[in-house]
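A.B. asks: let's see this in three dimensions:
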Amino acid sequence: MEGWLRKHGRLCGAASSKRRHFVLDSTQGVLFIRNGKTLVHLINLHCPMAVRQHGKGRFDIICASRAYELEAPDADEARRWVSALLPFTVGGRDGATAAADERGSFTRMITGNAHTGLRMWVGDLENCCDTGDLILFSTKDGGASAIRFFTGSEWNHVGIVLRTASRTLILEWAGGLYLSDLRSRLANYWKNGDAHIFTYRKLHFEGSGAVARKQILQFVDQLITEGRGNGQFPVADVIPGWLGQIVSNKIQTNSVAIDDDLERLFCSKTVAVCYKAAGVLKASVDTNSVFPKHFSCKYDEFMQYQGGARLGREIDLSFEPSVRVRAVTRNFLRATLPSKRFAAALRIQRAFRQRRARRLALQRRRLGVLKRARKYITGTLAEYFVSVAHRDIMYQLELVSRAKQQLLDGHLVDDV
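C.D. replies: Numbers count the residues shown, from 1 in each chain. Next comes the predicted model:
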């Protein structure tokens, strides 16, 4: 679905609204703005969102951290847009979860030659992720640089998301298996400066995938309970897989099922054995030859997923300043308060913002006039002092030249 809509800014004035051509890609769950021949990503519709129609032809798209006020040419066109967007809302998503998973919600769209990467605020991640989803890391330490160099990829670490009834965790291997709270772990990486890129990939299934996700949780519980995965890094097992990657990017497999050594793991092998236990990866895959890069979009064709399982494309995670927290509160009120009541509050806020903007513009204008006047006065005074000094010097030189001439003529000698 596509068509022309008027997009209003925060001030919602005549000067802050623009007529744009919107494109709704229902297969990917993304709303675009057409800019010439390219499509510019606007909203990832699979994030928690709500749609509300109000007024004649106007409707709002409200996400957890942003809101858009759009206006259609008429009320019928607005109803068509709202009907197309309703399946992606929080209320309409319950009955279409499997369809949304099948569509591959989190994608990096490639339209023509323009690469438009999707971004997600880390605060929205817990509402979207599920067991089996992946977090790819690009960290800054020396060991990470060596891994990126030898594997020829920007990714050097990977963790798998585990979602229980009460918590959302991430399982990592870092000299041993560690279970941490997902958001706290990512925040620690970010605050310490250990990682500068986080990318999220969702695990999709043709069906519900509930059985496979439950098997992943049971397998991880078994690993933790039995104390597996705390052995040394299996260098001797990894080297053949790394040498094989120099020749081909394909994952090494065997004609029969391979029994993995669960005592000696590393980060990407941990994810691979979890996937094998749930039937996501073939049992013949050699997990020692699986590296973090193989879980990126670039190497999807070399991974042997089965049972209708696949990974969605990459979506970058962002840590925004506290202004996003204020946006969450404002948009929550916008979605819950009655339309008329909140409209009055918006008008009052808008009036104060416009008044403040006018004051700020007037202050800047006055400051500019003052700076120009000060510069003019300073320049004029400088020219005056230079001219006075120049006249004094010329007068003194004239006196010296007169005395010299009188000395040559003999007048000064006679006087003496």
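A.B. asks: right, and Thr270 touches Gly229 too?
C.D. replies: Yes - Thr270 is in contact with Gly229 according to Cβ atoms under 8 Å; the separation is 6.7 Å. Just so you know, the C-beta spots here come from the backbone N, C-alpha and C atoms, and that holds for glycine as well.
A.B. asks: please report the number of neighbouring residues for Glu226.
C.D. replies: Other residues within reach of Glu226 by the criterion other Cβ atoms under 10 Å amount to 10.
A.B. asks: for Leu367, same thing?
C.D. replies: Using other Cβ under 10 Å, the number of residues around Leu367 comes to 10.
A.B. asks: helix or strand for it, which one?
C.D. replies: Under the criterion of DSSP states H and E, Leu367 resides in helix 339-409.
A.B. asks: what touches both of Thr270 and Gly229?
C.D. replies: 173, 177 (Cβ atoms under 8 Å, 6 or more residues apart in numbering).
A.B. asks: for the protein, which helix or strand comes out least confident on mean pLDDT?
C.D. replies: Ranked by mean pLDDT, DSSP states H and E, the helix or strand of the chain with the weakest confidence is strand 109-111, at a mean of 30.
A.B. asks: can you list the strands that the longest strand along the chain pairs with?
C.D. replies: Using DSSP state E, we find that the single longest strand of the chain is strand 17-25. Sheet pairing of strand 17-25 (DSSP bridges) gives strand 2-8 (antiparallel), strand 30-35 (antiparallel).
A.B. asks: please put the alpha-carbon coordinates of it into PDB.
C.D. replies: The C-alpha coordinates for strand 17-25 follow below in PDB (Å, rounded to 0.1, in the frame of the first residue of the first chain):
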ATOM      1  CA  SER A  17       4.100  19.800   8.000                       C
ATOM      2  CA  LYS A  18       5.300  18.200   4.800                       C
ATOM      3  CA  ARG A  19       3.500  16.200   2.100                       C
ATOM      4  CA  ARG A  20       5.400  12.900   1.700                       C
ATOM      5  CA  HIS A  21       4.800   9.700  -0.300                       C
ATOM      6  CA  PHE A  22       4.500   6.800   2.100                       C
ATOM      7  CA  VAL A  23       5.000   3.100   1.200                       C
ATOM      8  CA  LEU A  24       3.800   0.300   3.500                       C
ATOM      9  CA  ASP A  25       5.600  -3.000   2.900                       C
END
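A.B. asks: when you give positions from now on, start the count at 43
C.D. replies: Done: numbering now begins at 43, and the last item shifts to strand 59-67.
A.B. asks: quick one: buried residues of it?
C.D. replies: Neighbour counts over strand 59-67 (16 or more other Cβ atoms under 10 Å) mark 59, 62, 64-67 as buried.
A.B. asks: quick one: the strands in the stretch 243-392 of the chain, in order.
C.D. replies: 245-246, 352-353, 357-360 (DSSP state E, counting those that start in this stretch).
A.B. asks: the second one packs against which elements?
C.D. replies: Read that as strand 352-353. Helices and strands touching strand 352-353, as assessed by 3 or more Cβ pairs under 8 Å, 6 or more residues apart in numbering; DSSP states H and E, comprise strand 245-246.
A.B. asks: which elements pack onto the strand it packs on?
C.D. replies: In terms of contacts (3+ Cβ pairs under 8 Å, 6+ apart), strand 245-246 is packed against strand 352-353.
A.B. asks: and the strand it packs on, average pLDDT?
C.D. replies: For strand 352-353, mean pLDDT rounds to 86.
A.B. asks: how about stretch 326-333?
C.D. replies: Mean predicted lDDT for stretch 326-333 stands at 83.
A.B. asks: span of it from start to end?
C.D. replies: Using Cα to Cα, to the nearest Å, the end-to-end distance of stretch 326-333 comes to 16 Å.
A.B. asks: and it, what's buried?
C.D. replies: Within stretch 326-333, the residues that count as buried by 16+ other Cβ under 10 Å are 327-333.
A.B. asks: residues contacting Phe64?
C.D. replies: 44-47, 73-76, 84, 112.
A.B. asks: likewise for Gly349?
C.D. replies: 247-248, 254, 321-322.
A.B. asks: now with 7 Å, please.
C.D. replies: Gly349 makes contacts with 321-322, as judged by Cβ atoms under 7 Å, 6 or more residues apart in numbering.
A.B. asks: check Gln294 and give its pLDDT.
C.D. replies: 61.
A.B. asks: which intervals of the stretch 193-342 of the chain have sub-threshold pLDDT?
C.D. replies: 235-238, 274-298 (pLDDT under 70).
A.B. asks: mind listing the helices in it by residue range?
C.D. replies: 224-234, 252-268, 277-289, 309-319 (DSSP state H, counting those that start in this stretch).
A.B. asks: can you put those helices in TSV and add distance to Asn198?
C.D. replies: Formatted as TSV, those follow (distance: least, Cβ to Cβ, whole Å):
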stretch	distance to Asn198
helix 224-234	13
helix 252-268	22
helix 277-289	13
helix 309-319	9
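A.B. asks: and Gly350, which of those helices is closest to it?
C.D. replies: Smallest distance to Gly350 across the helices of the stretch 193-342 of the chain (Cβ to Cβ): 9.7 Å, for helix 252-268.
A.B. asks: quick one, the closest one and helix 309-319 angle?
C.D. replies: Helix 252-268 runs at 120 degrees relative to helix 309-319, counting by axes from the mean of the first three to the mean of the last three Cα atoms, to 10 degrees.
A.B. asks: just the strands paired with strand 59-67: most buried one?
C.D. replies: When those are scored by mean count of other Cβ atoms under 10 Å, the highest mean neighbour count falls to strand 72-77 (a mean of 19).
A.B. asks: need the next SSE after that strand, C-terminal direction.
C.D. replies: Next in line after strand 72-77, if elements are assigned by DSSP H and E, sits strand 80-86.
A.B. asks: that next one vs strand 72-77, what angle?
C.D. replies: 150 degrees.
A.B. asks: mind listing the strands strand 80-86 pairs with, and their directions?
C.D. replies: Going by DSSP bridges, the partners of strand 80-86 are strand 72-77 (antiparallel).
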